[in-house]
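[1] sequence and predicted structure below; questions after.
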Amino acid sequence: MPHLTANMALALAQEKTLKTTGKCHLNPPAPQPAIWHGALATNAGGVLVFNLTDNQTDFKVRIWDSDVLNTKQLGSAASPDFSTEDTTKPSLLLIVHTALSKAGQGVSLYRCTPEDQGEDRKLLHPEPIVVPRAERVTVPPDNRTYWLSYDRAHLRIKYGKGYHMEETTEFIWDLSDQLTPEEIEDLFGNQVKMATFTCRQGWSQATGGGVEDSRAFVEFDRLPLTRNPPPKVKDSSTLTLEDLDEQDYTFSADLPGACQILYKNVAGASMLLDDKLVKAIKYSIETPGKTLSNKLAEKPKEFGYLRVTLGTQRGDGPGIPYVLEIWPGTSKSPIHNHGNVCAVIKVLHGSIDVDVYNKLTELLEHHKADPSREQVISSDTPPVPITSVHLEKGDVTWMDSNWYQCHQLINPAEQRGDFCATIQCYKYDDQDRVVWPGFDYIEATNHDDLVHLFEPDSDFTYGDMKYKVLKEYQDKLQA
């Protein structure tokens, strides 16, 4: 499955515009409207992602068959010369008014046919979807992500906010029974597809959203959203025909490239905690005055787990890439993302619950009575996870910049000594040019600075922790 990257066509379009007009779409002078145009990298469809701000309250996206490009030209001519969304072809037009729009919130999809005096618009009807809403109200960052999935194989359009997942989908248009065969051919034929994004408020720089502020304004995933890849991983060398049929796991060979490297390094049977070390860790956690108990007592409640680093920092991930994390019973992390890095997590002992969330910038929603965001209004109601997964010893899960990137880990065991141990592995994707230095998180007890940066630290090195807890445990046995 491809990692989400900025579309090559976007870069070519910006370069061409810069050469011909002296202006770059990423930073045009106000108040010119923001216009992006480019070719979808595959005529099978894909997901267009728009990283905007709260000032960009009204925008539209148009998709149509290109009469300029063909598949052989994509590598060298991804951007024809045009500066508006005008086309002589039938098109799909998505119009969005956000919650802060003067026009009132709304999302509409039309089939458009050019005419002499304009165009004829046929409203297309979405399937009903109930989207769960978090009750948390506070002053948010001004970064927002919107996405549109164009799926030729299923004649389906999807729209949502945040990560593009089944759980964040707000509208689905199944067009198989709303369009004639001729209209379907016009909109979903084999021609290369062009897409245009237009926003009358112009480009603006997002603030307050952590790593999300650094994303390109427009990104493209070459595959449409059809279904979520499963969060659990199964080694491809062990697959059965039933596994291929049921698709309950993401197969290790299908992981993003950076995740494949991490998986190969930690998936083996030798990657484990031996019984004696497990007993020593348990004893040190639940016995006052011992090494792990003392360290846990020093830590803030929302960081009540231990980070035990292995190896050294190499610059290919945030902090040291391999971390043994020890989770005492009842402990949990804050809700956090991982700086859009790729990661693999394997459970070495015990079990843990992983609550998956939408982007942090979606969790911190607007208080509509205060669109100026001049005051903080907090709520005791926690954000709502969009999905959850339970991991047992030996289970492996994964993430990339879109999938399972934001989560909270929770050890549900009631006794502190019933710990979970996980090996967490992090690596920047080859296409990641931002290389964010840490993880963004929400501080549960403080809403003044909403998105905080955690720069990965170390409570112990593995060798130091192992020596100390084994010595403590050996002294106990000999007492």
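    Structure's in. What do you need?
[2] got the contact list for the residue nearest to residue 151 when sequence neighbours are not counted?
    Distances taken as CB to CB, 6 or more residues apart in numbering put residue 224 closest to residue 151, at 3.8 Å, once the chain neighbours are dropped. All C-beta spots, glycine's among them, are computed from the backbone N, C-alpha and C. Counting by CB atoms under 8 Å, 6 or more residues apart in numbering, residue 224 touches 44, 45, 46, 47, 149, 150, 151, 152, 153, 154, 156, 158.
[3] over to residue 264?
    By CB under 8 Å, 6+ apart, the contact set of residue 264 is residue 252.
[4] tell me if I am right that it is in a helix.
    Yes: checked against DSSP: H, G, I helix; E, B strand; the rest coil, residue 264 lies within a helix.
[5] helices of the stretch 201-350 of the chain, start to end?
    Ranges of helices in the stretch 201-350 of the chain, per DSSP state H, counting those that start in this stretch, are 241-246, 257-266, 275-286, 291-298.
[6] JSON lines for those helices, including mean pLDDT and distance to residue 118?
    Formatted as JSON lines, the helices of the stretch 201-350 of the chain follow (pLDDT from 0 to 100; distance: least, CB to CB, whole Å):
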{"stretch": "helix 241-246", "mean pLDDT": "96", "distance to residue 118": "50"}
{"stretch": "helix 257-266", "mean pLDDT": "97", "distance to residue 118": "47"}
{"stretch": "helix 275-286", "mean pLDDT": "98", "distance to residue 118": "70"}
{"stretch": "helix 291-298", "mean pLDDT": "97", "distance to residue 118": "67"}
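[7] of all those helices, which one is nearest residue 203?
    Checking the helices of the stretch 201-350 of the chain against residue 203 by CB to CB gives helix 257-266 as the closest, at 29.7 Å.
[8] now do the buried residues in the closest one.
    258, 259, 260, 262, 263, 265, 266 (16 or more other CB atoms under 10 Å).
[9] could you dump the helices of the stretch 201-350 of the chain into JSON lines with distance to residue 106 added?
    Formatted as JSON lines, the helices of the stretch 201-350 of the chain follow (distance: least, CB to CB, whole Å):
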{"stretch": "helix 241-246", "distance to residue 106": "39"}
{"stretch": "helix 257-266", "distance to residue 106": "38"}
{"stretch": "helix 275-286", "distance to residue 106": "53"}
{"stretch": "helix 291-298", "distance to residue 106": "50"}
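[10] tell me which of the ones you listed sits nearest to residue 116.
    Nearest to residue 116 among those is helix 257-266 (50.8 Å), distances taken as CB to CB.
[11] tell me how the protein divides into domains.
    Following automatic domain parsing, the chain resolves into domains at 8-221, 233-478.
[12] pick out the shakiest of the ones you listed, pLDDT-wise.
    For the domains of the chain, mean pLDDT drops lowest on domain 8-221, to a mean of 79.
[13] what about residue 182, how many neighbours?
    9 (other CB atoms under 10 Å).
[14] and residue 309, how far is that from residue 465?
    9 Å (CB to CB, to the nearest Å).
[15] repeat for residue 249
    Distance, residue 249 to residue 465, by CB to CB: 32 Å.
[16] do residue 231 as well
    28 Å.
[17] residue 201 and residue 35 touch, don't they?
    No: contact criterion CB atoms under 8 Å: residue 201 and residue 35 do not qualify, at 11.9 Å.
[18] what bridges to residue 425?
    residue 322, residue 344 (DSSP bridges).
[19] ugh, wrong one, I meant residue 234
    Under DSSP bridges, the beta-bridge partners of residue 234 are residue 251.
[20] that one: neighbour count?
    Neighbour tally, residue 234, other CB under 10 Å: 18.
[21] so who does it touch?
    Residues near residue 234 by CB under 8 Å, 6+ apart: 243, 249, 250, 251, 252.
[22] OK, contacts around the last one?
    Under the criterion of CB under 8 Å, 6+ apart, the neighbours of residue 252 are 233, 234, 235, 236, 260, 263, 264, 267.
[23] tell me how far it lies from residue 346.
    Here the criterion is CB to CB. By it, residue 252 lies 12 Å from residue 346.
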